[in-house]
Every structure is written in C-alpha cells, then in structure tokens.
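Q: predicted model, plus sequence, below.
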Amino acid sequence: MPNGYEYKTNRAPFLRSGDTTRVIMLDVCVALAFPAAFACYCYGLGVLYRLLFSAAVCYLADVLCTVLAGRKAGIGDFSPMVTGFILTMMLPATISYTVLTVGCLFAILVAKQPFGGIGNNIFNPAAAGMAFVTVIWSDKLFWYPMPFGVEGMARNLSYVLKFGGVPSVSMSDILVGNYCAPIGTANLLILIGCFLFLALQRTVSGRITLSYLLTVAVISCLFPRVNCTAWESVVYEMTSGYLFFAAVFMVTDPVTAPKHDLSKILYGVTAGVLTMVFRHVGGYEQTVCFALLLTNALSHSFDRLTLYFMARRLKS
C-alpha cells in the first residue's frame, strides 16, 4: 500500500464498546417511545402489554444464553429489549402472545446468540424474527384492527397494492396515522421526527436511510404497481406496511450495517432495490424483512469493495 498504510476490513459488528452500545440502545428506546405512545392512544393498553412482554421474553432469552455460554450477562444491556420493541411494532395491535413469543425467541436464540451475543450478529434479530413469523403465520399477521376504538379488522395499504388496487387513504390520514397499519408504523410525522432525533444524535446513519428511501421512491415512480400518478405511487409505497419504520429503526442498525460512507450508500440502495423487487414478485404483501436480511449478508462485501476503491485511488 502507498505511504506505508495498510487497510483492513473486519466482519460486522463494528461496535465493541459496552458504553457506546448502551447509549445507542437508550437513544433508540427514547425514539421508539413516541410511536409506542401513539399506538397506545390508537389501540389501548394492549399495545403496552405486548411491548413489555416482548421485551421481557427477549431479555430473559438473551441473559439465559449469555450465562449458558459462560459470558458475563450485562444488566444494563438494552439491546434485547430494543429487539422486542421493534419486532412488536411491526405486528398488528391484536397479535397473539404466542406469535410474539416465537418471534422473540427466534430473534434471540437463532439470529443473535449463535453468533456470539451482543454486537456480533450478522443479521438483524428483529428482521429475522419477523421473517420467521411471517412464513409461519402469514394468514394472521396482515389483518389490523381499526384505530381509535372503531370496531372491525381491515387490511393495510400493502395488501391493496399487492393485488393491484389503489388505496383510498388520504394524505392527511397517512401523516397522522389514521388508517390500519402495524403497531408503530402508521404516523408518518412521528417517524420522521424519530429519524431526525436519531440522526442528530448520530445514533443512525442518515446516508443509509436516505439512500434507501430515495431508491424506493425512484423505483416506485418509474415502475408503479398500480394505476395512479407517480407521486401517489411513491407515497403509497413509502407508507405501506412497515417500510418507513424499517428505514428508521432497522436498515440503520449499526451492528449489521457497513461502516464506510460509500458502503452505507451502496447498502441503502441495495436494500431499496431488493425491497421493491420482493414487493413486485414476492409472495407476501410485506417483504422488507426478507430484503433486509439478504442485504445484511452483503454488508461485509460493501466494505471490502469500498476499501478496494480506496486502495486503487491511493495507487493512482
């Protein structure tokens, strides 16, 4: 290498400091509190009970695995609870505790702990748990209760788009979350505020979120799934399912995402492309978790590619 420098890349994770991880998880918990509070307002205290239940299951499973592996269990480790919160917020407000238990256990026992516990997982645990319960209970996951005490169950915008229909939800309702959706994903204004908070705290990478959303927007505009204007296609794709929620809280996961600036952009673009490909040809109406898991597997490759370009540039 020129100038005596040697560039190396290591596999994820890139967070090694317990204090750093704890601060990041606390920031995420603070941000998640706002969509959680709005969901409680929309659907009642059942949402809070499910969030606490999922956090407890993830935490206990994480501690048990850590102790059995002979490692020191960190009492102040909020990462398993964040996994439980995120997983629950992608599900209906009436989801059964059985589904929550299975999803949480899969996230911790399969997607996290076998790789070495906190900070060593290759795949986002919440995405893995969501993918698993989607495959098993796809007939139950995509029916949502009406918000604000209205009786009845309905489908999300993602279902309408999947089968070629044009959603009838107004932009104002989308902004304030007045439509059927997963627990923490409806209120677009709150999610934008969460992203700004986390980005200003430097807890998440704005490059990943913005490149991901921009890619989704471009593909939605050029290849709309339904007969509507380009602007409507972009809005519906962005706000259907848990896509925007994932763009803020999951795609930006600092453990599974790459560490270099160019890598982060490539990562976000790839996740956006895969999300839209799966939406066009996939068998499920919500496929963000599958796209994210595949992108997680490529994270290390993006960093290696970036370092290769950096080395070539120095040589020239």
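A: Received, thanks. Everything quoted here is computed from the prediction, not taken from an experiment.
Q: for the stretch 51-200 of the chain, just list every one of the helices.
A: Using DSSP state H, counting those that start in this stretch, the helices of the stretch 51-200 of the chain run over residues 79-89, 97-109, 125-136, 138-141, 157-162, 171-176, 188-200.
Q: export those as JSON lines, with columns for mean neighbour count, mean pLDDT and distance to A247.
A: Just so you know, the C-beta spots here come from the backbone N, C-alpha and C atoms, and that holds for glycine as well. Shown next, in JSON lines, are the helices of the stretch 51-200 of the chain (neighbours: other C-beta atoms under 10 Å; pLDDT from 0 to 100; distance: least, C-beta to C-beta, whole Å):
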{"stretch": "helix 79-89", "mean neighbour count": "27", "mean pLDDT": "96", "distance to A247": "13"}
{"stretch": "helix 97-109", "mean neighbour count": "21", "mean pLDDT": "97", "distance to A247": "19"}
{"stretch": "helix 125-136", "mean neighbour count": "24", "mean pLDDT": "96", "distance to A247": "13"}
{"stretch": "helix 138-141", "mean neighbour count": "14", "mean pLDDT": "86", "distance to A247": "20"}
{"stretch": "helix 157-162", "mean neighbour count": "22", "mean pLDDT": "90", "distance to A247": "15"}
{"stretch": "helix 171-176", "mean neighbour count": "14", "mean pLDDT": "89", "distance to A247": "15"}
{"stretch": "helix 188-200", "mean neighbour count": "18", "mean pLDDT": "96", "distance to A247": "8"}
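Q: mind putting the ones you listed into a markdown table with distance to T21?
A: A markdown table is the format used below for the helices of the stretch 51-200 of the chain (distance: least, C-beta to C-beta, whole Å):
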| stretch | distance to T21 |
| --- | --- |
| helix 79-89 | 7 |
| helix 97-109 | 16 |
| helix 125-136 | 14 |
| helix 138-141 | 30 |
| helix 157-162 | 33 |
| helix 171-176 | 33 |
| helix 188-200 | 15 |
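Q: count the neighbours of the nearest residue to D27 once chain neighbours are set aside for me.
A: Closest residue in space to D27, ignoring its immediate chain neighbours: T203 at 4.3 Å, by C-beta to C-beta, 6 or more residues apart in numbering. Residues lying near T203 (other C-beta atoms under 10 Å) number 18.
Q: backbone dihedrals for T203, please?
A: When read as degrees, to the nearest 10, the backbone of T203 gives phi -80, psi -30.
Q: am I right that F290 is in contact with A131?
A: Yes: the pair F290 / A131 is scored as a contact, 5.6 Å apart, by C-beta atoms under 8 Å.
Q: just to revisit the earlier point, so who does the residue nearest to D27 touch?
A: Neighbour list for T203: 24, 27-28, 31, 254 [criterion: C-beta atoms under 8 Å, 6 or more residues apart in numbering].
Q: now it: how far from F197?
A: Distance from T203 to F197, counting by C-beta to C-beta, to the nearest Å: 8 Å.
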